[in-house]
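[1] Predicted model and sequence below, questions to follow.
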Amino acid sequence: MEELLFLQREILPALFKGLKVSILLIVPSAFCGLCIGILVGALRVYGGAAARRIADIYVALFRGVPLVVQLFTWYFGLPHVGIYLSPFTASVLGFSLCSGAYHSEYVRGALLSIKKGQLLAAQALGFTKLRMVMIVILPQGLRRALPGCGNELIYLIKYSSLAYMVTCIELTGEAKILASHSFKYLEVFFAVGVFYLVLVSVAGRLLHYLEEHLTLPGFEHHR
Amino acid sequence: MKGSVTAMPDKLIAVWNALPYMLGGSLVTMGVVAGAMLIGLFGGIPLAVGQVYGKPALKRIIGIYIWFFRGVPLLVLLFLFYFGLFSLLDINLSAFTVAVIVLGLISAAYQSQIFRGSILSLPEGQLKAARALGMSDFKAVHLIVLPQALRLSIPAWSNEYSIVLKDSAVTYALGVAEIMARTHFVATRTYQHLPLYMAAGLIYLVLTYAGTKGLRILESRVRIRGYSHS
Amino acid sequence: MESAGFVSISEMEPILRVENVRKRYGKREILKGVSLSIRRGELKVLIGPSGGGKSTFLQCINYLVTPDEGDIWLEGRHIDHTHKRELYRYRQQVGMIFQDFNLFDHLSAVQNIEVSLIHVKRMDRKPARERAMAELERVGLRGHADHYPAQLSGGQKQRVSIARALAMDPKVMLLDEPTSALDPELIGEVLSVIKDLVANGMTMIMATHQIGFSRALADEIVFMEDGRILERGPPLKILSDAKCERTREFCSKITELYGEAD
């Protein structure tokens, strides 16, 4: 009984407060990350040699270095060159740049899988470059990139918990504070685990639904 | 002018002085990663075999395990096990051990998916032939399925290695004295955050490279001549 | 400009004139100055060994491959391919059929056709759909309108791609070995669609190995090898009485391989 009361009076309000911050972190990071991923992915396929090299280096760096190191660099490191970011901004920046690098891998693969003949056909029909991108490349590329990018979004939800390490108090941070005060570590962290499970499962469901919705007969099979 | 000339060596000297200490951290990091990968391997194989060949009830239980460990963030699991579960059970474990266990349990969930994919990609005839020779199911899996499936899993395994390596930086939150913890420790004392984090990043890049390279060598060592799989 | 007696100018004048097209990739010269002109309603067939430049030449004609040198006139108008808008307008008037169909994989048969009507010709959706259905009807695939490329046979795909080109009301069609990626039993259905086009007076340049078809329908056969045109003339002449040794050799080989049947 006492446990339930604690859950209702203390845990849930704190976690919902944290959840709000987490979502505020995740949504812009997901959006910016995806934009970066599409841009960099396209650059790696259609860009000039120099642009391609730079994009490759960016991806290698941001995929190879742990996200914690990246976050610490933005939050603790940048002030040394005179740039001061709030914990929140540093987190969004770190998440966007890191997940952008991962997204670009999926986007790149998807763009490479579009058969060149279709681009010729579009040109032969008199499509402008822009129309070709909008009507032929993007609808196919995004469909092929969706499973990978979807996975990356789920990772982002989980890794958003690392914002706590640069003192951005989101879901995990609220839990840590509450647990340290009440000494009810197990209850609090179990509850926060359930929160993340729900978030991740809902996102997974939505992405799955989106994929199903966008499925075209036989499209996935020919590469 | 003078300031900028001396500032650059200052940064380098700070990194140089901290380097032995940070590299010592990479031993700790590698210890965490090796332990976690091993737990993941020996946990992942039975999970995968159970998920492919097990009874529905077993499959469901394994499914829940995987769902849980893939769905909850590492940081939350570290806190849950370190502050919550183990202290409730009155088991006194070091931060290092808890880090290895938690990363290992998560890796088992992910590795099981790798092995499952490899097992499913084997031609059905392999298992049939083994059974036709009178092997028990256990023997067939042990002698025929796994030796092939594990070989096929090495590329994905090297990917998993680099993920566990990067995730190990999070164990800093428990106070494990790995690369990240040591870097931050030095940084807060010397105020040379930027060059030190960059150096830490570089160490991780080197470790990733060395590990994936090593696994590629392993892959070619255990390769069966003429064996190809599509 | 010469205007000859009772024949109207538009019939005498070539609808499409291609002059001295050259193209090299690195050291390899693929096209060594090829010229060709075609009048309204004519069918010209390009034959010649693979790698002889037929496909590159066809792709140069609508600037899918940019020639290093050469000029093109459509209905007497010189095409400036560096001018984007003019290039897009020109391409709309020159239909292209590819060896491997190149249908848009994410669009159904009818969508493949209407997509360029809506976005390039700027037609409204309803008339575009009607037009697309009419074109599908014409190639005998009305019943397959909602099938996706992966659900169509090779022959059906090629017929959809022909319908897609026809919907743009092209003045000239370029066909790059339209049947050579098809299983033998599917070639007939595609050739019969092309025959209908000939009967309806479509102007076409077609690269093909289908000798029987060419003999029966081509106005001129053009033999291309090693980046140049070696010989050209009426089918009977080229196929049975060629001047050039190489042409004779190739024709006898091809007749043996692909036979008389069409």
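    Nice, thanks for sending it over.

[2] By residue count, which helix of chain A is the longest?
    The longest helix of chain A (DSSP state H) is helix A:12-46.

[3] what about A:Phe195, is that helix, strand or coil?
    Under DSSP: H, G, I helix; E, B strand; the rest coil, A:Phe195 falls in the helix class.

[4] so it sits right up against A:Lys17, yeah?
    No. With contacts counted by CB atoms under 8 Å, A:Phe195 stays clear of A:Lys17, the gap being 11.7 Å. C-beta coordinates here come from the backbone N, C-alpha and C atoms, glycine included.

[5] So for these two, which sits in the more crowded spot?
    Counted by other CB atoms under 10 Å in any protein chain shown, A:Phe195 and A:Lys17 do not tie: A:Phe195 has more neighbours, with 22 against 13.

[6] check contacts around the more buried one.
    A:Phe195 sits next to A:Leu15, A:Leu19, A:Leu171 when contact means CB atoms under 8 Å, 6 or more residues apart in numbering or on different chains.

[7] Out of those, which comes closest to chain C?
    Of all the contacts of A:Phe195, A:Leu19 has the smallest distance to chain C: 36.9 Å, by CB to the nearest CB.

[8] burial count for the closest one?
    19.

[9] residue contacts, it?
    Applying CB under 8 Å, 6+ apart to A:Leu19 gives the contacts A:Leu171, A:Phe195.

[10] gap between it and A:Ile169?
    12 Å (CB to CB, to the nearest Å).

[11] Can you check the pLDDT for residue 212?
    Assuming you mean chain A. At A:Glu212, the model reports a pLDDT of 88.

[12] Sorry, I should have been clearer: chain B.
    In the prediction, the pLDDT value recorded for B:Thr212 is 87.

[13] same question, C:Ser10
    For C:Ser10, the pLDDT comes out at 58.

[14] try the one 4 residues further on
    If you check C:Pro14, the pLDDT there is 91.

[15] Pull the contacting residues for residue 125.
    Here I'm looking at chain A. C:Arg91, C:Gln92, C:Met96, C:Ser116, C:Val120, C:Arg164, C:Ala165, C:Met168.

[16] sorry, should have said chain C
    Residues near C:Arg125 by CB under 8 Å, 6+ apart: C:Glu114, C:Ile118.

[17] in chain B, which residue is closest to the centre?
    Closest to where the C-alpha atoms of chain B average out (CA atoms, centre = their mean) is B:Val164, at 3.2 Å.

[18] Figure out the helix or strand that C:Phe223 lives in.
    Take DSSP states H and E as the rule and C:Phe223 turns out to sit in strand C:220-225.

[19] Show the subsequent helix or strand relative to that strand.
    strand C:228-233.

[20] centre of the chain versus the following helix or strand past that following strand, how much separation?
    Once the chain leaves strand C:228-233, the next helix or strand it forms, by DSSP H and E, is helix C:235-240. Centroid separation between helix C:235-240 and its chain, computed with CA atoms, centre = their mean, to the nearest Å, is 21 Å.

[21] ditto for stretch B:96-105
    Taking the mean of its C-alpha atoms, stretch B:96-105 sits 10 Å from the chain's own mean (CA atoms, centre = their mean).

[22] how about it: buried residues?
    Under the neighbour-count criterion of 16 or more other CB atoms under 10 Å in any protein chain shown, stretch B:96-105 has B:Phe96, B:Thr97, B:Val98, B:Ala99, B:Val100, B:Ile101, B:Val102, B:Leu103, B:Gly104, B:Leu105 buried.

[23] number of nearby residues for the nearest residue to the last one once chain neighbours are set aside?
    On the basis of CB to CB, 6 or more residues apart in numbering or on different chains, the spatially nearest residue to B:Leu105 that is not a chain neighbour turns out to be B:Phe69, at 5.7 Å. Per other CB under 10 Å, the neighbour tally for B:Phe69 reads 19.
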